[in-house]
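Enquirer: Build me a model:
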Amino acid sequence: MTTTGDSPQSASWISLPSHRAWLDREGDRLLAFAEAAGSASTGFAWLDDEGRPDAAQAPQLWITARMTHVFALAHLRGRPGAGPLVDTGLAALTGPFRDAEHGGWYSSLTPPGEPAATAKSAYDHAFVVLAAASATAAGRPGAADLLQEALAVVEQHFWRDDEGRSVESWDRTWTELEAYRGANSNMHTVEAFLTVAAVTGDERWLARATSIAERLVHTAARDNGWRLPEHFDPEWRPLPDYNAERKNDKFRPYGSTPGHWLEWSRLLLHLEAALGADAPDWLLPDARSLFDAAVEVGWAPDGEPGFVYTLDWSDRPVVASRLHWVLTEAIGAAGALVRRTGEPGYERWYRTFWDEAVTRFVDRDRGSWVHELPVGDADAVWTGKPDVYHAYQATLLPQLPLAPVLAAALRQEPGAG
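Expert: Next comes the predicted model:
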């Protein structure tokens, strides 16, 4: 395994009460920034660099769902005011974002709350499931009903038993299916299914999460030297040139994305822990391989610290900008590997990643984290600081067991509710 040095290591940071206290303070700081996003009737707003709702950005389903999830976690942690913000998100998910005629949820709204983008995407719906499951764990009114509705939509329209994965997106009426399959939406579907299984006790969702992971990681990524293909045709054949003309796409960039290798690494460890004695023996080795590949070719490939956003198929940077979410997922993966293995190499990376975060990404003046550090003259991927989902989870994951995941783990803590 690649490490950052060979010096002796002291006790793991994740076991230190002082480090956990620091993580809690950072999490509180992120939540204080994010609270301003919950003032709209259309759910949670996209925030600018100063933490103000950005009127130029349409209300997005993925932001409202992710922030509902975040504040459900905060409520379970005992943060006053977080519960009503969960309810704000639930009201938007059961109100203007919900397609009462055809089922499912709109991707975006106009500022007054009318449907704008009406395609139904697996990525967005995975976050609706996640939000509803976390809000259910938090005991918020209406969350359990929303969860059952969201799961029914996913089962009916997105999940494919014959493919062992989810399809990508439909038109509003569920009649036209996009001729594309995506790894990103399926990765977040695994995240959602892990949470559903932990909150409801229904192990069907673990079996489906395992099916997705086996096909996308243990087969597609392993067969490609752990450079996970992100884009596929309807027969799940990789599309290596997909979006070659839109290399900096927010959700479907050209090439391979080391941040997703790191995210998958952590999710495999959650899955292994959730399955217990029934876990396939490839989950831990694959988690290691993904992490090692990411730090080997994604960390500082141009001689400067940090992970690049994307690589081509010869491991050369395509979009070299440093995105905050990639670093947060590196923190989560390293912390999970420390917890799973206790090995000092992962501890060194965990500390390195937090040092990088504090040095270059944590914004003490304006709040939250800088979402993107540009490199070269490439067009920006992100504007503002849309949400705190990735960063807030980075402050929680090192403090919690690998299973049950997040909301279910917090629900078990004394006094949670």
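Enquirer: Any chance of the backbone angles for L311?
Expert: phi -130, psi 150 (degrees, to the nearest 10).
Enquirer: Who are the contact partners of it?
Expert: R227, G255, S256, T257, P258, V297, G298, P301, P317, V318 (C-beta atoms under 8 Å, 6 or more residues apart in numbering). Where you see a C-beta, it was placed from the backbone N, CA and C, and this is true even at glycine.
Enquirer: Give me the neighbour count for the fifth one.
Expert: Counted with other C-beta atoms under 10 Å, the neighbours of P258 add up to 29.
Enquirer: same deal with the last one?
Expert: Here the number of neighbours of V318 (other C-beta under 10 Å) works out to 19.
Enquirer: Figure out how far the helix or strand where A394 lies is from the centre of its chain.
Expert: Assigned by DSSP states H and E, A394 belongs to helix 389-396. Centre-to-centre, helix 389-396 and its host chain are 9 Å apart (C-alpha atoms, centre = their mean, to the nearest Å).
Enquirer: Can you name every helix or strand that it contacts?
Expert: Helix 389-396 sits against helix 17-34, helix 61-76, helix 324-341, with contacts defined as 3 or more C-beta pairs under 8 Å, 6 or more residues apart in numbering; DSSP states H and E.
Enquirer: right, and these - which one's nearest Q148?
Expert: helix 61-76 (16.0 Å; C-beta to C-beta).
Enquirer: Report the backbone C-alpha coordinates of whichever helix or strand comes after that closest one in PDB.
Expert: Per DSSP H and E, the first helix or strand lying C-terminal to helix 61-76 is helix 82-94. C-alpha atoms of helix 82-94 as PDB (Å, rounded to 0.1, in the frame of the first residue of the first chain):
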ATOM      1  CA  ALA A  82     -32.100  20.900  12.900                       C
ATOM      2  CA  GLY A  83     -35.500  19.000  13.200                       C
ATOM      3  CA  PRO A  84     -37.500  21.900  11.800                       C
ATOM      4  CA  LEU A  85     -35.100  22.100   8.900                       C
ATOM      5  CA  VAL A  86     -35.600  18.400   8.200                       C
ATOM      6  CA  ASP A  87     -39.300  19.100   8.100                       C
ATOM      7  CA  THR A  88     -38.700  22.000   5.600                       C
ATOM      8  CA  GLY A  89     -37.000  19.500   3.300                       C
ATOM      9  CA  LEU A  90     -39.700  16.900   3.700                       C
ATOM     10  CA  ALA A  91     -42.300  19.500   2.900                       C
ATOM     11  CA  ALA A  92     -40.500  20.300  -0.400                       C
ATOM     12  CA  LEU A  93     -40.100  16.600  -1.200                       C
ATOM     13  CA  THR A  94     -43.800  15.800  -0.600                       C
END
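Enquirer: angle of helix 82-94 against helix 61-76?
Expert: 150 degrees (axes from the mean of the first three to the mean of the last three C-alpha atoms, to 10 degrees).
Enquirer: Helix 82-94 packs against which elements?
Expert: By 3+ C-beta pairs under 8 Å, 6+ apart, helix 82-94 packs against helix 61-76, helix 122-137, helix 143-153.
Enquirer: okay, now E413: neighbour count?
Expert: 12.
Enquirer: Could you report the pLDDT at the closest residue to it other than its chain neighbours?
Expert: With C-beta to C-beta, 6 or more residues apart in numbering as the criterion, E413 has its nearest non-adjacent residue at 7.5 Å, and that residue is L76. With respect to pLDDT, L76 scores 98.
Enquirer: Tell me the buried residues in stretch 380-399?
Expert: 381, 384-399 (16 or more other C-beta atoms under 10 Å).
Enquirer: May I have that stretch as CSV, with CA atoms only?
Expert: The C-alpha trace of stretch 380-399 is given here as CSV (Å, rounded to 0.1, in the frame of the first residue of the first chain):
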residue,chain,number,x,y,z
ALA,A,380,-14.8,25.9,-13.4
VAL,A,381,-16.8,22.8,-12.4
TRP,A,382,-18.7,24.4,-9.6
THR,A,383,-19.9,27.9,-8.5
GLY,A,384,-20.4,28.9,-4.9
LYS,A,385,-20.8,26.4,-2.1
PRO,A,386,-24.0,24.5,-3.0
ASP,A,387,-24.3,22.3,0.1
VAL,A,388,-22.4,20.7,2.9
TYR,A,389,-23.3,17.1,2.4
HIS,A,390,-19.8,15.8,1.7
ALA,A,391,-17.9,17.9,4.2
TYR,A,392,-20.4,17.3,7.1
GLN,A,393,-20.2,13.5,6.5
ALA,A,394,-16.4,13.8,6.7
THR,A,395,-16.7,15.1,10.2
LEU,A,396,-19.1,12.3,11.3
LEU,A,397,-17.8,9.1,9.6
PRO,A,398,-14.6,8.9,11.6
GLN,A,399,-16.6,8.9,14.8
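Enquirer: about what we covered before: could you export the helices and strands packed on helix 389-396 as JSON lines, including distance to R266 and mean neighbour count?
Expert: JSON lines is the format used below for those (distance: least, C-beta to C-beta, whole Å; neighbours: other C-beta atoms under 10 Å):
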{"stretch": "helix 17-34", "distance to R266": "16", "mean neighbour count": "17"}
{"stretch": "helix 61-76", "distance to R266": "16", "mean neighbour count": "29"}
{"stretch": "helix 324-341", "distance to R266": "4", "mean neighbour count": "25"}
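Enquirer: Indicate which one of those helices is closest to G104.
Expert: helix 61-76 (10.0 Å).
Enquirer: Could you tell me the angle between that closest one and helix 17-34?
Expert: 130 degrees.
Enquirer: Output helix 61-76 as CSV - backbone C-alpha positions only.
Expert: The C-alpha trace of helix 61-76 is given here as CSV (Å, rounded to 0.1, in the frame of the first residue of the first chain):
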residue,chain,number,x,y,z
LEU,A,61,-33.8,18.1,-6.0
TRP,A,62,-30.4,16.7,-5.2
ILE,A,63,-29.6,19.6,-2.9
THR,A,64,-32.9,19.5,-1.0
ALA,A,65,-32.6,15.8,-0.5
ARG,A,66,-29.0,15.9,0.5
MET,A,67,-29.6,18.7,3.0
THR,A,68,-32.6,17.0,4.4
HIS,A,69,-30.3,14.0,5.1
VAL,A,70,-27.7,16.2,6.7
PHE,A,71,-30.1,18.0,9.0
ALA,A,72,-31.6,14.6,10.0
LEU,A,73,-28.1,13.5,11.1
ALA,A,74,-27.7,16.8,12.9
HIS,A,75,-31.0,16.3,14.7
LEU,A,76,-29.9,12.9,15.8
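Enquirer: Since that was my last question, I'll sign off now.
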